[in-house]
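1. Quick check, what structure comes out for this input:
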Amino acid sequence: MVRSTKQYIVLFIVLLLATIGINAWPASIHPDGTIGLLQIVSSLVWLVFLIGSVMLVREEKTLLFVFYYLSFGFVAGTVVYLVTFFERYWLGELWFDLVSGIQYPFYYLFAVPLFGFNAWFDVLYGQFALFAGFAYVVLAIGVSVRSKKLEAKRLRY
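-> Numbers count the residues shown, from 1 in each chain. Predicted structure coming up:
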């Protein structure tokens, strides 16, 4: 992996933007578009990168960055799902239209990088965002456990 938190964050941002760039168009037009092998591979690379981050990163600041991203990904996936769930009931209400605008940045930052996996699920974007959120929370639990193990190892000298 990388040696410093700054290098990791640069790699993280580059991979995130590349994955969003590859998956954005099919995610935007789903279910009318198709999810190809390129989208599946990019989502797999992103997931492997996140799993590798959970397993290999040792620096505390880097683990904290990964934990915050994953935790916020869970919250974002839940928000996107709830907005799409209540959309049919409150569509046209001014307050709901204002609040529902927050789902789009959340969707593109957290669900779109994993959107290639929707080739197997074939669900609407709200449900997929919830599935992505659950994947993120499982990885966040892994980061938490890894952080505790590293701290215990440091205290043992």
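
2. C-alpha from now on. contacts and neighbour counts both.
-> Will do.

3. Tell me which other helices or strands the worst-scoring helix or strand of the chain on mean pLDDT touches.
-> Scoring the helices and strands of the chain by mean pLDDT, DSSP states H and E places helix 94-100 at the bottom, with a mean of 82. Where contact means 3 or more C-alpha pairs under 8 Å, 6 or more residues apart in numbering; DSSP states H and E, helix 94-100 is not packed against any helix or strand.

4. Now do the next helix or strand after it: everything it contacts.
-> The first helix or strand that comes after helix 94-100 along the chain, using DSSP states H and E, is helix 103-106. The list of residues contacting helix 103-106 from outside it, by C-alpha atoms under 8 Å, 6 or more residues apart in numbering, reads 73, 76-77, 79-80, 83.

5. Can you tell me which of those residues has the most neighbours?
-> Tallying neighbours with other C-alpha atoms under 10 Å puts residue 77 at the head of those, with 28 neighbours.

6. now it: how far from residue 152?
-> Remark: distance between residue 77 and residue 152 (C-alpha to C-alpha, to the nearest Å) = 32 Å.

7. Residue 43 too?
-> With the distance defined as C-alpha to C-alpha, residue 43 ends up 33 Å from residue 152.

8. of those two, who's got more company?
-> Neighbours were counted for residue 43 and for residue 152 using other C-alpha under 10 Å; residue 43 has more, 24 against 11.
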